[in-house]
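> need a structure here:
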Amino acid sequence: MKETNTSNSLVFFPATWNLAETTRTLEVAKACRHRFDLHFASYGGQFEQLIEDAGFALTKLSPRLTPKKIEHLYQIDQGEKLGSFFSLTETRERVKNEIAFLQNLRPLAAITGFNTTVTISRRVAKIPLVWLTQSTWDMEAIIDQGLGSYMDDLERPLIRHLPETVLQWLTKRAVAYFSRAILKPLNTVAQDYQVKPLKDIYELWQGDYNLLAEPDDFSGLEKLPQSYYYIGPLIANLDKEIPQAVLEWVNQDKPLVYFSMGSSGRPSVIKAIVEGFREQPFNVISPMQRKTEGLNINVPVNVLLTDWLPALPVNRLADIAVIHGGIGTVMTAALAGKPVVGVGMMYEQEYNLDCLVRKGFAKRIRRTTINPDKINQAITVLLNNPDGKDKAKAYSRHLEKWLNLRDDKIRQFFVSLDQGTLADPAISTPR
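This next block holds a predicted model:
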């Protein structure tokens, strides 16, 4: 596919309805800013403005996303309902417009971390695809190499008493079953253009090249395909000051908990956790105000509920992080050197949290068994565990080394791609 490209442009297709996805692509773009001609294309969402705020060229594609559609996307993503991200009509329009955009620019590569339709459009336009991902998306490898258990949704009466091997098999089958509906419109459109269809959900989440937003020791996976490159944490850098109200909340004679479920957290779960903090011997800062709008949440006096905050600086002010396990929140808490209590919203988040549990400074609570007592007990245990705090600080220093090398790694990757000199993935190992 290399011979079809006629420029040093890079095109980013972020899902701008998701904060983590938007900030990941922005961090990669910032690393390449002075070396490549950069373009963004998106369909809307509350985080689209972040791209223009960062000074990047943005093309607004159609069909535009509505709040109702965005809620649908979250529900499909989290397995709350069965179906596809986009209807066949929507998929056809998105792919058509993406093809026109790509054929006009002829970029060196298209980059995404959650835009599913670009998987088809770039095949038609014959443009290499770079996926921003994490190793824990490969659920089968995680399970087969003994690094993950069955998904939380199987923690149900009767089912949970089955042997672990059976539960793991059911996890794989459940993901395969749900993926059929997601792939159907994409593969129909692939047939329209006579390009190769997607064989399974794992192929959907992969590109020709895959940049892993983690250090090479994060998941413990021993084998990865040659198309995977470790680059280190893609931490959101929104250049936003910490509000004075938050700073005043910090300077109190109580431990401080930072509670965030990201933009993909389930509102009902967030509400239950926030209300469960009532009368606990610690204070809580939570940027979940928007996610709980309309829920009639009864906010305890020891909880400060805010709009979005600069996650890394606030994490560093806290003693404990309570998070949902998205790779961004996991890396942010770990980089801040904080013990973690985690409740995953989907299987790869569950496995992300398991990685920190194995490193000795986290506790994971299954989403289907969550209650306020379990959350608060886990917080109390970690607050009184000096060994866990030491391990969190040690891993933070390790991540800092990766973060300091990250932008160079990203530029090195794309320069090598441009020059046709991509080396073995070992180039991604820090020196």
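
> Can I get stretch 39-59 in PDB, CA atoms only?
Presented in PDB, the C-alpha positions along stretch 39-59 are these (Å, rounded to 0.1, in the frame of the first residue of the first chain):
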ATOM      1  CA  HIS A  39      -5.400  16.600   9.700                       C
ATOM      2  CA  PHE A  40      -8.400  15.500  11.900                       C
ATOM      3  CA  ALA A  41     -11.800  14.300  10.800                       C
ATOM      4  CA  SER A  42     -14.700  13.600  13.100                       C
ATOM      5  CA  TYR A  43     -18.500  13.300  13.400                       C
ATOM      6  CA  GLY A  44     -19.100  15.400  16.500                       C
ATOM      7  CA  GLY A  45     -19.400  14.900  20.200                       C
ATOM      8  CA  GLN A  46     -18.700  17.000  23.200                       C
ATOM      9  CA  PHE A  47     -14.900  16.700  22.900                       C
ATOM     10  CA  GLU A  48     -14.600  17.700  19.200                       C
ATOM     11  CA  GLN A  49     -13.700  21.200  20.300                       C
ATOM     12  CA  LEU A  50     -10.500  20.000  22.000                       C
ATOM     13  CA  ILE A  51      -9.000  19.400  18.500                       C
ATOM     14  CA  GLU A  52      -9.500  23.000  17.400                       C
ATOM     15  CA  ASP A  53      -8.500  24.300  20.800                       C
ATOM     16  CA  ALA A  54      -5.100  22.500  20.200                       C
ATOM     17  CA  GLY A  55      -4.700  24.200  16.900                       C
ATOM     18  CA  PHE A  56      -5.200  21.300  14.500                       C
ATOM     19  CA  ALA A  57      -7.100  21.400  11.200                       C
ATOM     20  CA  LEU A  58     -10.500  19.700  11.600                       C
ATOM     21  CA  THR A  59     -12.900  18.500   9.000                       C
END
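
> Give me the distance from it to the chain's centre.
18 Å (CA atoms, centre = their mean, to the nearest Å).

> That one: which residues count as buried?
With burial defined by 16 or more other CB atoms under 10 Å, the residues of stretch 39-59 counted as buried are 39-48, 50-51, 54, 56, 58. The C-beta positions use only the backbone N, C-alpha and C, and glycine is treated the same way.

> One more: stretch 302-316?
302-306, 308-312, 314-315.

> and the two most separated of the residues you listed?
Distance extremes for the buried residues of stretch 302-316: the farthest pair is Asn302 and Leu312 at 23.3 Å, using CB to CB.

> ok, how many other residues are close to Val118?
27 (other CB atoms under 10 Å).

> Identify the residues contacting it.
By CB atoms under 8 Å, 6 or more residues apart in numbering, the contact list for Val118 reads 13, 98, 110, 112, 129.

> I'd like the distance between it and Val130.
11 Å (CB to CB, to the nearest Å).

> Cool, thanks, talk later.
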